[in-house]
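S.K.: after the sequence you'll find the predicted model.
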Amino acid sequence: MWAKLALKLFSREFKRGELTVISAAIALAVLTVLTLSMVTDRIGQSIEEKSSAFIAADRVLASNHALPLEFLEKANQDNLRTAKITYFDTMLFAGEEMQLGSVKAVSNTYPLKGELKVKTSLTDQPEVTTDIPSRGEVWLSESVFYALNIKVGDKVELGAATFTASHVVAEEPDAPFNVFSSSQRILINEADIAVTEVIQPGSRVFYRQLYAGDKDNLDTFYAWLKPQMKENQRWYGVKDRQSPISNSLNRAESYLLLAGLLGIILAAVAIAVSAKRYCERQYDPVAMMKTLGGSRSMIRKIYLLHLSLVCSMSVIVGLLIGYGLQAVATNYLAQTMGTALPSASAKPWIIAISTGVICAVMFSIKPLLDLFDIPPLRVLRRNLGDRLLVSKVHLTMSALTVFLLMWLFSNNIKISAILFLSTAFLIAVLFGLSKVIFGGGRKLGLSPGNSWSLAIASIQKRANVNAVQLISFALAIKLLLFLIVLKNDMISDWQSQLPENAPNSFLVNITEQELEPITSFLAQNDMPTSDFYPVVRGRVNAVNGELVAREVSQEDNEKKDEEARSGIGRELNLTWRKDLPNQNELIDGTWFSEDSVAEASVEESMLERLDVQIGDTLTFLIGAQSFDAKITSVRKVNWTTLKPNFFIILSPDVLSSFPATYISSVNVKAEKKREFNELMRQYPTVNVIDVESFIKQIRSTIEQVSLAIGFVLAIVVACGALVLISQVQASLGERMQEIVILRTLGAKGRLIKNATLYEFLLLGVTAGLVAAIVSDIALLIVQKQMFDLAGKFHPHIWVIGPAVGGLFVACLGYLMIARTMRKNTQGLLRSLA
Amino acid sequence: MSALSQLNIIQVKGLSKTVTTVEGDLTILSDISFNVKSGDSVAVVGTSGSGKSTLLSLLAGLDQSTGGSIHLDGAALHELDEEARAALRAEKVGFVFQSFMLVQSLTALENVMLPAELAGSKDAKQQALELLEKVGLSHRVGHYPSQLSGGEQQRVAIARAFIGTPKILFADEPSANLDSKNGKLIESLLFELNKEHGTTLILVTHDEQLAQKCQQILHIEAGQLVTVKESEGVQANVG
């Protein structure tokens, strides 16, 4: 019997629109989470898929020792695709010409991800190839052809073997970004390594095993591999590398995560507001039913059935709309990105449904419990039960629910905790502030004939309600400002790393004698360069007199000295200079002075790796000579700039006597390429590393990521707008009562409408201003802590925040009231009754 | 149970109600005692804040007394918990309120059927239709409260009050929100149905003329029963 009554009440409540707001809010939460998760999931998969090209695989196992072949066999058993790469440097000869080159010997399956592009002559357009060099062939980068003064088809000597230079390597998917470890590319078949006889005991050789396949299979394989990995072996994916791409991807992921979390907070606020409003509107019917003999258990059943129905319907509607929205969005993005997006996993569906159910239950349960507690006496004493409106239990439960949802969505308790606690702090500050704002103006004289006075009186009268509204408005505006500004800062930071005239080539191995003619030529031909840094290769041999462990090539067949202090394990490129380089920031100590003697400045990660501090003495070994230098400063280096960077910089006095070569980066425009190549041909020992294709790849990834971020932001903005709408709507009932009284007393429609407009304008401006201030502070912290961006204030949002907040909230309030005002006084009275 | 108590459908003895406020305890009703016989009509009058509505809420089991006893048709109301009092109301009590208190999402017919449905009755519709016809609203059965005038809404409330033929009907200022014509109509309907169904009517009112129509008048001032208009149906123990 109760079910029939419950269904009847439900259908009527639904038709009357009483359940519309709460349904819309739940559906909104579901569709927001589904759309965001799905778009993020699909774009993320696509971007990661594309980014995997940067390492030519999903995962790489790297070592300077030969890697066991059983790893590859096991990976194949685990349904992974595999490939091998061996790197070593050697000289390449063509007649009288010679060139130091970086050999990359690859197996047949290379590359597992991305595309290798080659040209069949120096003047052809690059074409994608799925082949690798046949035995007896080498594929060389264009600059090697120029350096050796050869053409496609000519013979070159590499070690003990002769090869035919059959193709020009135009683009390698995994082109290295470390200018020191790369020189002119020489691509050969791995089967030819032996015939070159280049690899001898003591040779510096680097080995890579490439793996690609399903994430689950990769995880399974890694679980097997990890216990067997040696200290000299490193397992990494594209995101683990220190490069502009990995930084961009990590930042984009953090941003999408943040946007999703903030979207959830906004949807949760909308549900909390509408659930509370719905329950409040049920106080009278419940009191009446209790008076007429309805038992508590029957009322509980009726409303729990209502909750279940609202929840189910809204979740389904949310899923349908969300799916449609993400389909439209991903379709658009796929077209713009020129690539098909992979299907979404089941995760977004699970998260969206869980979010809907958790939101519906957790945000409704306390108002519902309050509803069940409504005393029947309310039929006689109409204000009974109103004291239940603000409940600490409800607030605590709502807060815990938001935290739970954030955790569920992000799967990252740290980020969830930071965001949750900062938002809680913001709310507390806003609540205190609103008390001051709304309590402080009571002395103002109020004239009922003036819209402004009426608006101020209205704000003061509803101090508590307005405090809640102010918090909601400010929270929504703050989150939106926060995301918009962060997006702009992030994208402009990316763009600033790669300005139009960003260096596209590195010049390495310039001798002292070549320095002057090369710099003059580049300057005369409008080819801007970074500074020229002297480079001397050397090792850190001891710290405070204590020898550090050495890492040796496998052919030495020596064991690493386990007892020794941890070292760097390889030669470092050391430089010296008087001034701190531009892209470096001094974070501790003092920079060299004119009188500095034997001082060293160390990059922060190197400081950690060597386990040293300011004041420690490093002993360097260059060739057979050694010298000491005292650490006097620590630097933070931006490795993502396309400029030479160094782990250790020494004061000029210690290194200037050593023979050095120079390094710089240069921007060569397309039309100047020919002159540049001609110049370089005159200096065959100078290595030119072309990073043009690398820059293109970065730009393309950044464009895709920016597009995805823009879309996600649009969804969160829509979410924020709906929070504002639901909040304005929630206050409409009380306003109606006032309007009726004012209309009955003969107040003009214009007076009432203007008063409402001004009231919302004041609320919106205040909320916008507070939101802008708090956003800016939050941005400062988050940019530094989460995004590794330079934190800065944004004065423009201090104006935009209040302006947009005031305008939006005022228009919204005005439109809603204007619709109400179209009814005559009798109609208003009736709808109020 | 004695023969006398069987005749008395309401027995009130030493009833008091005290509430705790920030300023200390506040006595709203003090030592009220009276009996009401089945089928009688009783008016409760007094100035605003005298305790009339509190008395009504205690008699109807909407609130709990802090002292004394109330027996409603033999049931010791003061000993029952909220659920038992709700069950008792469902079985024996009807209500009419000043502000109608109709459920806005239900039609006139559904509002009238509501108490019967809450009590688990399956054939409430016919009875509800008959009652609506009696109050002159057979043409408005499918209308929602917002589509009815104040007088019509109160007539629906009266029809709702009589469904399930309650033994006692509590009415709180039933005509206060209505114009005089509708007010009179409501009053006559109440008395007519009271007689027809043999229902005991307890009416809280400010209206002296309306009070005079009742068989007994209980006058309450400052929480105390000060005067009783005696009639053969009431045996009051004043003060």
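M.R.: Done, it's in. Keep in mind it's a predicted model, so treat the numbers as computed, not measured.
S.K.: spell out which residues of chain B are next to chain A.
M.R.: Residues of chain B found near chain A (Cβ under 8 Å from any Cβ of the partner chain) are B:53, B:56-57, B:60, B:62-63, B:82-83, B:86-91, B:93, B:95, B:97, B:99, B:101-106, B:110, B:114-115, B:117-120, B:122, B:145-146, B:150, B:160, B:172. Using the backbone N, CA and C atoms, a C-beta is placed for each residue, glycine as well.
S.K.: nearest residue to the residue of the stretch 1-150 of chain A found nearest chain B other than its sequence neighbours?
M.R.: Nearest to chain B in the stretch 1-150 of chain A, going by Cβ to the nearest Cβ, is A:Arg12, at a distance of 3.7 Å. Among residues not flanking A:Arg12 along the chain, B:Ser105 sits closest, at 3.7 Å (Cβ to Cβ, 6 or more residues apart in numbering or on different chains).
S.K.: got the contact list for the one you found?
M.R.: A:9, A:12-13, A:15-16, A:18, A:285, B:144 (Cβ atoms under 8 Å, 6 or more residues apart in numbering or on different chains).
S.K.: in ChimeraX, select just the buried ones from those.
M.R.: Buried members of those, defined by 16 or more other Cβ atoms under 10 Å in any protein chain shown, are picked up in ChimeraX with:
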select /A:9,12,13,18,285 /B:144
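S.K.: can you lay out the contacts of B:Ser105 as JSON lines showing pLDDT and secondary structure?
M.R.: Formatted as JSON lines, the contacts of B:Ser105 follow (pLDDT from 0 to 100; DSSP: H, G, I helix; E, B strand; the rest coil):
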{"residue": "A:Leu9", "pLDDT": "85", "secondary structure": "helix"}
{"residue": "A:Arg12", "pLDDT": "83", "secondary structure": "helix"}
{"residue": "A:Glu13", "pLDDT": "81", "secondary structure": "helix"}
{"residue": "A:Lys15", "pLDDT": "78", "secondary structure": "helix"}
{"residue": "A:Arg16", "pLDDT": "72", "secondary structure": "coil"}
{"residue": "A:Glu18", "pLDDT": "69", "secondary structure": "coil"}
{"residue": "A:Pro285", "pLDDT": "88", "secondary structure": "helix"}
{"residue": "B:Tyr144", "pLDDT": "89", "secondary structure": "coil"}
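S.K.: and the contacts of B:Ser105, which two are furthest apart?
M.R.: Distances among those were taken as Cβ to Cβ; the most separated pair is A:Lys15 and A:Pro285, at 15.2 Å.
S.K.: related to what we said a few turns ago, now the buried members of the residues of chain B next to chain A.
M.R.: If you count burial by 16+ other Cβ under 10 Å, the buried members of those come out as B:53, B:56-57, B:60, B:62-63, B:86-90, B:93, B:95, B:97, B:99, B:101-106, B:110, B:114-115, B:117-119, B:145, B:150, B:160, B:172.
S.K.: mind checking which of those are in helices?
M.R.: The helices, defined by DSSP state H, take in B:53, B:56-57, B:86-90, B:110, B:114-115, B:117-118, B:150, B:160 from these.
S.K.: looking at those, spot the one nearest chain A.
M.R.: Nearest to chain A out of those is B:Ala90 (Cβ to the nearest Cβ; 2.3 Å).
S.K.: test my guess that that closest one contacts B:Leu118.
M.R.: Yes: counting by Cβ atoms under 8 Å, B:Leu118 is a contact partner of B:Ala90 at 6.0 Å.
S.K.: which residue of chain B sits farthest from its center?
M.R.: B:Glu23 (31.7 Å; Cα atoms, centre = their mean).
S.K.: contacting residues around that residue?
M.R.: Residues near B:Glu23 by Cβ under 8 Å, 6+ apart: none.
S.K.: and it, what's its pLDDT?
M.R.: Reported pLDDT at B:Glu23 in the predicted model: 79.
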